[in-house]
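Enquirer: Provided below are the primary sequence and the corresponding predicted coordinates.
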Amino acid sequence: MTTLRRDRFGQIAEEVFEPLQRYLRRRVTPQDAEDLLSEVLTTIWRRIDDAPSDRVLPWSYGIARRVLANHRRSSRRRLRLVERLASEPPTQHPDVADNQPDPEVGRALRSLPHADQEIIRLWAWEQLEPREIAVVLGMTPNAASLRLSRGRKKLAAALARQDGEPSGHRRGKDPEGHNDD
């Protein structure tokens, strides 16, 4: 059956290729015509059992016409989307620090190697567990847990370097009201 289908498709493609190519090139750019012709031939292959034994070319033109109509609808939708986006005020893409509750954390995070930044973001921002991070990064859960632990230590050290003090330590009064100097 496959050989019969392939032979039938070869006969049809030979008969309709050039006329369909001319038909499409008269209506769209040469690049689009080539893409659409491929789509038409794919549809012909899928529907080869529906192909009439006579009048194959008109049947193929019908397929090309529908493919072309779909292409035009898609182009109009794309154009409307571009126009709508162009009319909207531009949005500022937030910096990593803008996504942090504290700009110092953002600076410290950016000072880390990219791999450490990513694992910390997956844990802190996306609230993934180490076993889930392992799936995202394609590693074992144990490796993800170790990398997360190391990344958190590096982040704490980077924060300490910024402050000149250990992470989480603030100068001022302790809970009992005494200066901690």
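Expert: That came through fine.

Enquirer: For the spatially most central residue of the chain, which three-state class applies?
Expert: If you average the C-alpha coordinates of the chain and look for the closest C-alpha using CA atoms, centre = their mean, you land on residue 136, 15.0 Å from that point. Per DSSP: H, G, I helix; E, B strand; the rest coil, the local secondary structure of residue 136 is helix.

Enquirer: all helices of this protein, in order?
Expert: Counting by DSSP state H, the chain has these helices, from start to end: 2-25, 30-46, 56-87, 103-110, 114-124, 130-137, 141-163.

Enquirer: Now do residue 124: how many residues are near it, please.
Expert: 16 (other CB atoms under 10 Å). Where you see a C-beta, it was placed from the backbone N, CA and C, and this is true even at glycine.

Enquirer: For it, list the residues it contacts.
Expert: Residue 124 makes no contacts at all, as judged by CB atoms under 8 Å, 6 or more residues apart in numbering.

Enquirer: Please renumber the chain so that the first residue is 42 from this point on.
Expert: Sure thing, new numbering starts at 42, so read that last one as residue 165.

Enquirer: any idea how far residue 149 is from it?
Expert: For residue 165, the distance to residue 149 equals 12 Å [CB to CB, to the nearest Å].

Enquirer: List the buried residues in stretch 52-59.
Expert: Applying a neighbour-count criterion of 16 or more other CB atoms under 10 Å, the buried positions in stretch 52-59 are 53, 57.

Enquirer: Please state the offset of it from the chain centre?
Expert: The gap between where stretch 52-59 is centred and where its chain is centred comes out at 37 Å by CA atoms, centre = their mean, to the nearest Å.

Enquirer: same thing with stretch 168-178?
Expert: Here stretch 168-178 is found 20 Å from its chain centre; the criterion is CA atoms, centre = their mean.

Enquirer: what does that stretch rub up against?
Expert: Contacts to stretch 168-178, defined as CB under 8 Å, 6+ apart, come from residues 159, 160, 163, 164, 181, 182, 184, 185, 186, 189.

Enquirer: just curious, which of those is nearest to residue 48?
Expert: Ranked by distance to residue 48 (CB to CB), the contacts of stretch 168-178 are led by residue 181 at 52.3 Å.

Enquirer: and the residue lying closest to the closest one once chain neighbours are set aside, how many neighbours?
Expert: With CB to CB, 6 or more residues apart in numbering as the criterion, residue 181 has its nearest non-adjacent residue at 5.9 Å, and that residue is residue 175. Close neighbours of residue 175, defined as other CB under 10 Å, add up to 19.
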